[in-house]
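Asks: Fold the following for me, if possible:
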Amino acid sequence: MIAVHELTPVDMADSKIQLILAGERLFAERGVEAASLREIAVAAGHGNNNAVRYHFGSKQGLVQAIFRHRVVQMEPVRAKLMARLEAASLETDTRSIFEVIVLPYFTLRAPDGTFSYPAFILQYLLYHRPRGIQHAADEAGALSSALNTAHQLLRSRIGYLAPEIVEGRILHAMITFVTAIISAENAVPKLSTEQYRAHIDDAIDQAVASMVLQNSPRDASLVREFANTP
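Replies: Predicted coordinates:
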């Protein structure tokens, strides 16, 4: 009789990590809606096509697991950056606060050079967050203390704007940043290290400038003429 191998807790954890990484990569490449749970299971090396449902319950469960996995990875880096920000008394410096949020992304590059998280998070920011789908870091708690603190500082920094404008500007700043990473990663010919850094540095400048910009007092008649809801 052939012995059945029972998964140990270590096996289970490794299985879940492989699904998380495969899901992130396929969601980044094809979009959350287009990538199937079966494709993700196959890409993760699973013979069981129901592996995603078994571990995460649903596609949205997997999306939230990706967020939690990456937030936990980046949290120690963010905590160190937050400590440096506080030591330098930069709690009201918009760029420094934004850097605490975004620069840890660069610690997520895989050993083989692949870097799928920016494209994955762009899918979320463009299509899913506007629909009210929350990010794991939206939940207050120890999971993302440094990230939550940075977001609170950022909201306070631009608190002279209406709350819905504040959230919209942070969203658009994040889109600007992750789009800059994606364009830099895919540039042909490949950017040099200095070119890459200059590209990212300028993107952060753009994102920060867009957040702190005062509302324009000019007449918005042309906006009212052209920007209409369907």
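
Asks: Would you confirm that A43 contacts E24?
Replies: No. Using Cβ atoms under 8 Å, A43 is not in contact with E24, being 10.4 Å away. C-beta here means a position set from N, CA and C on the backbone, and glycine is covered the same way.

Asks: okay, those two: which has more neighbours?
Replies: Comparing A43 with E24 by neighbour count (other Cβ atoms under 10 Å), the higher total belongs to E24, at 24 against 16.

Asks: if I pick that one, what's in contact with it?
Replies: E24 sits next to 66, 70, 116-117, 120 when contact means Cβ atoms under 8 Å, 6 or more residues apart in numbering.

Asks: in what helix or strand does it lie?
Replies: In the assignment (DSSP states H and E), E24 maps to helix 9-30.

Asks: Q64 now?
Replies: helix 59-87.

Asks: now do S89
Replies: Using DSSP H and E, no helix or strand contains S89.

Asks: same check, this time on Q195
Replies: According to DSSP H and E, Q195 maps onto helix 193-212.

Asks: Pull the residues that contact that helix.
Replies: Applying Cβ under 8 Å, 6+ apart, the external contacts of helix 193-212 come out as 94-95, 98-99, 102, 154, 157-158, 169-170, 172-174, 176-177, 179-181, 183-184, 187, 191.

Asks: residues in contact with the residue nearest the centre of the chain?
Replies: In the chain, the centroid-proximal residue (Cα atoms, centre = their mean) is I121; its distance is 4.0 Å. The contact partners of I121, by Cβ under 8 Å, 6+ apart, come to 174, 178.

Asks: Quick check: it vs L147, distance?
Replies: Per Cβ to Cβ, to the nearest Å, I121 is found 13 Å from L147.

Asks: picking up where we left off before, in the helix holding Q64, what's buried?
Replies: Neighbour-count burial for helix 59-87 flags 59, 62-71, 74-75, 77-79, 81-82, 85 (criterion: 16 or more other Cβ atoms under 10 Å).

Asks: State the distance from F226 to T92.
Replies: In terms of Cβ to Cβ, F226 sits 37 Å off from T92.

Asks: E225 now?
Replies: According to Cβ to Cβ, E225 and T92 sit 38 Å apart.

Asks: Specify the angle between the helix holding E24 and helix 59-87 in degrees.
Replies: 90 degrees (axes from the mean of the first three to the mean of the last three Cα atoms, to 10 degrees).

Asks: so how far is helix 9-30 from its chain's centroid?
Replies: Distance, stretch centre to chain centre, for helix 9-30: 16 Å (Cα atoms, centre = their mean, to the nearest Å).

Asks: What's the first helix or strand after it?
Replies: Past helix 9-30, the next helix or strand by DSSP H and E is helix 37-43.

Asks: For that following helix, give me every contacting residue.
Replies: Contacting residues not belonging to helix 37-43 are listed as 19, 22-23, 25-26, 48-53, 59, 62 [Cβ under 8 Å, 6+ apart].

Asks: Lovely, talk soon.
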